[in-house]
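Engineer: Quick one, structure for this:
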Amino acid sequence: MDKYISFFFELGQLKYVPRSGWHLLGIRQPESVAEHSARTAQIAYVLAKLEKYENPAEVAVMALFHDMAEARVNDKHKVAARYIQVDEERAVKEQIEDLLEVKEDILRFWKETEERSTVAGNIAKDADSLEVAITAKEYMEQGYSMAENWIERSGKRLVTESAKKLHEVLKKTNPNDWWNGLKVK
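Structural biologist: Coordinates of the predicted model:
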């Protein structure tokens with residue numbers, strides 16, 4: 001059981017790993033990888049339901065594990081990726097090597113998402129891209145106009161019809177609309 005507890009502590013490191021791409025826009029305290037993964041999993045569940053996937057909980061779990069390697073290798077943005085090659089698969093395999101009861105599932109979840117090799121993997125990866133676009137929209141509302149680039153690039157990576165439709169609606173939606181009208185009168 002000690003290997004599992006150690007794994008849980010390692011996953012906790014994701015709370016302290018900032019999403020690095022937002023630093024390019026001058027955002028000093030972007031969300032953490034853990035925060036990104038949580039909303040990605042929530043989006044993945046809803047997206048799987050919209051796509052009528054038979055097991056939306058599986059897709060949500062895939063999304064929860066999609067960035068787990070970053071506890072070891074950190075988050076690198078697209079500019080850094082031009083110069084730095086990181087073996088995330090090796091990191092994931094080493095993270096789970098002693099977790100006999102779950103290692104095959106977690107590795108499969110990670111690979112299917114990373115490789116977009118299954119319907120579930122495509123949905124989970126689309127949820128990841130949608131979460132980036134949603135965060136970019138929030139940052140645009142805060143005055144970071146260059147975040148629009150993240151919205152456009154994320155949209156080009158989408159493959160599911162539901163994600164594409166959600167992305168179109170996102171572009172026309174103010175991030176504060178959800179609470180407008182909920183204030184006490």
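
Engineer: Check the offset of stretch 140-153 from the chain's centre.
Structural biologist: Mean-position distance between stretch 140-153 and its chain equals 17 Å (C-alpha atoms, centre = their mean, to the nearest Å).

Engineer: buried set for it?
Structural biologist: When burial is assessed from 16 or more other C-beta atoms under 10 Å, stretch 140-153 yields the following buried residues: 140, 144, 147, 150-151. Bear in mind the C-beta positions are built from the backbone N, C-alpha and C, glycine included.

Engineer: Hmm, residue 68 is touching residue 113, no?
Structural biologist: No. Judged on C-beta atoms under 8 Å, residue 68 makes no contact with residue 113 at a distance of 10.6 Å.

Engineer: ok, those two, which is more surrounded?
Structural biologist: Counted by other C-beta atoms under 10 Å, residue 68 and residue 113 do not tie: residue 113 has more neighbours, with 27 against 24.

Engineer: what element comes up after the strand or helix carrying that one heading to the C-terminus?
Structural biologist: Remark: residue 113 resides in helix 103-115, with elements defined by DSSP states H and E. Helices and strands here follow DSSP H and E; after helix 103-115, the next one along the chain is helix 119-141.

Engineer: Show me what that next one is packed up against.
Structural biologist: helix 33-50, helix 56-65, helix 103-115, helix 148-157, helix 161-171 (3 or more C-beta pairs under 8 Å, 6 or more residues apart in numbering; DSSP states H and E).

Engineer: Now the first one: buried residues?
Structural biologist: Of the residues in helix 33-50, those scored as buried under the neighbour-count criterion (16+ other C-beta under 10 Å) are 33-41, 43-48, 50.

Engineer: could you point out which element follows the lowest-mean-pLDDT helix or strand in the chain?
Structural biologist: Per-element confidence for the chain was summarised using mean pLDDT, DSSP states H and E. The lowest value among helices and strands belongs to helix 78-81, with a mean of 92. The helix or strand immediately downstream of helix 78-81 is helix 88-96, counting by DSSP H and E.

Engineer: May I have the secondary structure class of residue 29?
Structural biologist: What DSSP: H, G, I helix; E, B strand; the rest coil gives for residue 29 is coil.
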